[in-house]
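[1] Here you go, sequence then predicted model.
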Amino acid sequence: MGLMDFIKKQFIDIIQWTEDDNGVLAYRFPMQDFEIQYGGSLTVRESQMAVFVNEGKVADVFGPGMYKLTTQTLPVLTYLKNWDKLFESPFKSDVYFFSTRQQVDQRWGTTQPVTIRDKDFGAVRLRAFGNYSYRVVDPKKFHTEISGTRERYTVTELDGQLRGLMLQHISDAVAQSGIPFLDLAANQVEFAKALQEATQPSFDALGLKLEMVTLQNVSLPEELQKILDQKIGMGMIGQNMGQFMQYQTAQAIPKLAEGVGSGGGGVAGDAMGLGAGLALGQTMAQQLSQGLAGANQAAAAAAQPVQPQPVSQGADEVLLLLEKLGDLKAKGILTDEEFAAKKAELLKKLS
């Protein structure tokens, strides 16, 4: 290898990044033991930006395009290195490329239920998950706050941080949207928009733009969902509680009989049997109450003085009345003395 070949290898004429791998947000161009040729070429492709860094300080930032590296195109670096106008020597500088295309289909979701305030329930614990997308818009800030001097920085490394930012703003999004929990499922777009607006300032601080947020599902923990189902069921019942209890009793009686007949544990065999027994007891109590009310009315009517019957009353009618009085006596409605007095009175009419 000749001396001239060795010298040529130490200088870089073209600086570019082809993004061979997906999911790379920041890439440091390999510069160890190399210097940049004065007047060399910098190529920044669409969906990229490039940053020159001198001794840890961010210098010049380049958007998409092709640049000839001179003191005119590198004003900040020229100032930091105190180059004069006649400077045309090779120089050293770190060069970082940043991908500015959208990083799509990023997932967010609650690992544990999040407690929020709600108009209808006061406070609820909900679960939610969806997708979001973002891009790098301020490479200087992203380099300073996130990627630093690493050779490359990927979407995977940033995933946990961004997901945490999404989750910590769920409560803010619910409050900002003003949507009650029961209406969230029907207003997913509005809630997602509110979540995006609430989270965007945190992304801005990292040099990122939150392009889109979607909400795929929102739900309650299982134990709270059961309570909500009961509340919804009571609302659907409305004023027809009596009919609902009768229906529940009719549906539960076969299961109750099956449980008792098979010797199932407990008084009613199982929890279903117990529920049916309670419902049946309420229904029977209502029917018994109605029956007692009817009996009391009958007793009151029987206790009224018997109007004297016309002399022409037939023997069959007298016997029929005696049978009715005997039934009342048997039921304990009439005492023996009252029955005897009424009997004597009726028998006189036959003589």
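    Sure, I can see it.
[2] what about dumping the CA coordinates of stretch 95-104 to CSV?
    Extracted C-alpha coordinates of stretch 95-104, given in CSV (Å, rounded to 0.1, in the frame of the first residue of the first chain):
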residue,chain,number,x,y,z
VAL,A,95,-22.2,13.6,12.5
TYR,A,96,-25.5,12.2,13.6
PHE,A,97,-28.4,11.3,11.3
PHE,A,98,-32.0,11.2,12.6
SER,A,99,-35.0,9.5,11.0
THR,A,100,-38.0,11.8,10.8
ARG,A,101,-40.5,9.4,9.3
GLN,A,102,-43.5,8.2,11.3
GLN,A,103,-43.0,5.4,13.7
VAL,A,104,-46.4,3.7,13.4
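[3] who touches it?
    Under the contact criterion Cβ atoms under 8 Å, 6 or more residues apart in numbering, stretch 95-104 has outside partners 15, 17, 19, 23-29, 31, 36, 42, 44, 47-53, 131, 133-137, 139, 142-143, 147, 155, 211. Just so you know, the C-beta spots here come from the backbone N, C-alpha and C atoms, and that holds for glycine as well.
[4] Show me how to select, in PyMOL, the buried members of those residues.
    To isolate the buried members of the contacts of stretch 95-104 in PyMOL, using 16 or more other Cβ atoms under 10 Å:
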select buried, resi 15+17+24+25+26+27+28+29+36+42+44+48+49+50+51+52+53+131+134+135+136+137+139+142+143+147+211
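[5] out of the contacts of stretch 95-104, which are inside strands?
    Here DSSP state E is the test, and the contacts of stretch 95-104 give 15, 24-28, 36, 42, 44, 48-53, 131, 133-136, 211 as lying in strands.
[6] what's near enough to touch the closest residue to Glu211 other than its chain neighbours?
    Distances taken as Cβ to Cβ, 6 or more residues apart in numbering put Ser133 closest to Glu211, at 4.7 Å, once the chain neighbours are dropped. For Ser133, the contact set (Cβ under 8 Å, 6+ apart) comprises Gln102, Gln103, Val104, Asp105, Gln106, Leu210, Glu211, Met212.
[7] so where do the strands sit in the chain?
    Using DSSP E, the strands of the chain run over 11-15, 24-28, 35-44, 48-54, 57-62, 65-68, 94-99, 103-109, 114-118, 122-136, 152-154, 208-219.
[8] Which one, of these, ends up nearest to Leu346?
    Across those, Leu346 has its closest neighbour in strand 122-136 (72.1 Å, Cβ to Cβ).
[9] Within its sheet, name the partner strands of that closest one and how each one runs.
    Here strand 122-136 has these sheet partners by DSSP bridges: strand 103-109 (antiparallel), strand 114-118 (antiparallel), strand 208-219 (antiparallel).
[10] Just say which of these is most tucked in.
    For these, the largest average neighbour count (mean count of other Cβ atoms under 10 Å) is found in strand 208-219, namely a mean of 18.
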